[in-house]
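Trainee: take a look and give me a structure for this.
(one chain, ligands or ions: 1)
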Amino acid sequence: MSKQHPLFPITLSGSWQSPSYAKQRNEISTTLLNWLLDSGSLTMRLRANCQQFRVELLGQRVQACPDVEANDTIKAGEQVLVREVLLYCDEKPQVFARSLLPLSSLTGEEQKLADLGTQSLGQVLFNNPSLQRQNIEIANFAVDSSVSLLVEKLALPKQEQLWGRRSIFVLEDKPLMVAEVFLPNAFAYQEDI
Ligand SMILES: C=C(O[C@@H]1C=C(C(=O)O)C=C[C@H]1O)C(=O)O
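Mentor: Down below sits the predicted model:
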């Protein structure tokens, strides 16, 4: 990895819940829920809402999967490539994303996922007809979360609660996990998009 953002890794730990049982479900607007539960490519949806889309790679590194992120598919301690990015629309940061790519999934054709740089992971995932997406979980991130520290460092307006989603993708039978948090003023929080 040539250069890493000084804040990398931001990390991300939240109490991920199934959307139907999310306690705060009544606090979530229809628009936000629509963005959180959209099973299509977030890259494609953002591109459709702006002139210029870009991915900023904050950093990536190989490490053991942290306990707080482990799940039925990616076990604690398993070697994963962690990739953190910001997705920009017209130079406004919309999403912070953190993906865990098990090294055991980075084989064959999928080795290229280790070297995406500023190409969108979604671009590769959603171009593969074998792609399966497992259930989407949602979580909210309060002002003392690691994401809020990122928001502060990006000089974005503070927002009481930030919402995110995560899901496991399976590509050619190889799993990986993607978590995305909508940053303040993202389209997801705007009623008229
Ligand atoms: C999974 C997608 O890929 C997006 C791009 C990512 C990246 O480049 O690391 C990470 C998460 C997503 O927001 C998507 O577009 O839906």
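Trainee: give me the contact list for the helix or strand of the chain at the bottom of the mean pLDDT ranking.
Mentor: Least confident element among the helices and strands of the chain, by mean pLDDT, DSSP states H and E: helix 146-153 (a mean of 92). With contact meaning CB atoms under 8 Å, 6 or more residues apart in numbering, helix 146-153 is reached by 7, 10-13, 96, 141-142, 158-159, 162, 164, 181, 183-184. In short, each C-beta sits where N, CA and C put it, glycine included.
Trainee: likewise stretch 119-134?
Mentor: For stretch 119-134, the surrounding residues in contact (CB under 8 Å, 6+ apart) are 39-44, 55, 73, 83, 85, 87, 97, 99, 112-113, 116, 167-173, 178.
Trainee: can you rerun that using 10 Å?
Mentor: 39-47, 53-55, 57, 71-73, 83, 85, 87, 97, 99, 101, 109-110, 112-113, 116, 167-178, 180 (CB atoms under 10 Å, 6 or more residues apart in numbering).
Trainee: between the two ends of that stretch, how far is it?
Mentor: This stretch, stretch 119-134, spans 23 Å end to end (CA to CA, to the nearest Å).
Trainee: any part of that stretch near the ligand?
Mentor: Yes. Counting by CB under 6 Å from any ligand atom, the ligand has neighbours in stretch 119-134: 120-122, 125.
Trainee: check which residues of that stretch are buried.
Mentor: 120-122, 124-126 (16 or more other CB atoms under 10 Å).
Trainee: just stretch 27-44 next, same as before
Mentor: The neighbour-count check on stretch 27-44 (16+ other CB under 10 Å) flags 28, 32-33, 35-36, 41-43 as buried.
Trainee: can you check stretch 7-17 too?
Mentor: Across stretch 7-17, burial judged by 16+ other CB under 10 Å covers 8-12, 14, 16.
Trainee: looking at that stretch now, give me its mean pLDDT.
Mentor: What stretch 7-17 shows for mean pLDDT is 93.
Trainee: repeat for stretch 125-133
Mentor: For stretch 125-133, mean pLDDT is 97.
Trainee: again, but for stretch 159-169
Mentor: Mean predicted confidence for stretch 159-169 is 94.
Trainee: can you tell me if that stretch touches the ligand.
Mentor: No. Using CB under 6 Å from any ligand atom, stretch 159-169 stays clear of the ligand, with a minimum separation of 7.0 Å.
Trainee: okay then, goodbye and thanks.
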